[in-house]
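>>> fold the following for me, if possible:
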Amino acid sequence: MVVLSRKKQEAVIVARSGGSERVLKVTVVGIQGENVTLDFDVGASVSVHSAEEWERVHAERKTARLKHGADRPKERAAYTD
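Okay, here's the model as predicted:
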């Protein structure tokens, strides 16, 4: 885990291993009381969600997979000579 302090208009850059490709830039654009407004500069192939939204969506997907049997072990074929 990395913990950084930023002030308004300061940013954090997240890059791939080696630092050659930027994945994400997060800028603090506003601070009001306990609320912080962030700007996420990402490519079109990257999705950004609040942690609460991400956890809800993944819980729903897991429930759907369980209902459709996707997480059940596959039956093995009988061994024959």
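
>>> so the nearest residue to I31 once chain neighbours are set aside, which of the three states?
Among residues not flanking I31 along the chain, K8 sits closest, at 5.7 Å (Cβ to Cβ, 6 or more residues apart in numbering). The way it works is simple: take the backbone N, C-alpha and C, and place the C-beta from them, glycine included. Under DSSP: H, G, I helix; E, B strand; the rest coil, K8 falls in the coil class.

>>> just to check, K8 is in contact with T27?
No: if you go by Cβ atoms under 8 Å, K8 and T27 don't touch, sitting 9.1 Å apart.

>>> low-confidence stretches in this protein?
Residue ranges of the chain with pLDDT under 70: 69-81.

>>> list the contacts of the lengthiest strand in the chain.
Ranked by residue count and defined by DSSP state E, the top strand of the chain is strand 22-32. Strand 22-32 has contacts (Cβ atoms under 8 Å, 6 or more residues apart in numbering) with 6-16, 36-43, 46.

>>> okay, and which of these map to helices?
Among the contacts of strand 22-32, no member falls in helices (criterion: DSSP state H).

>>> and those residues, which of them are in strands?
Using DSSP E, the members of the contacts of strand 22-32 that fall in strands are A11, V12, I13, V14, A15, V36, T37, L38, D39, F40, D41, V42.
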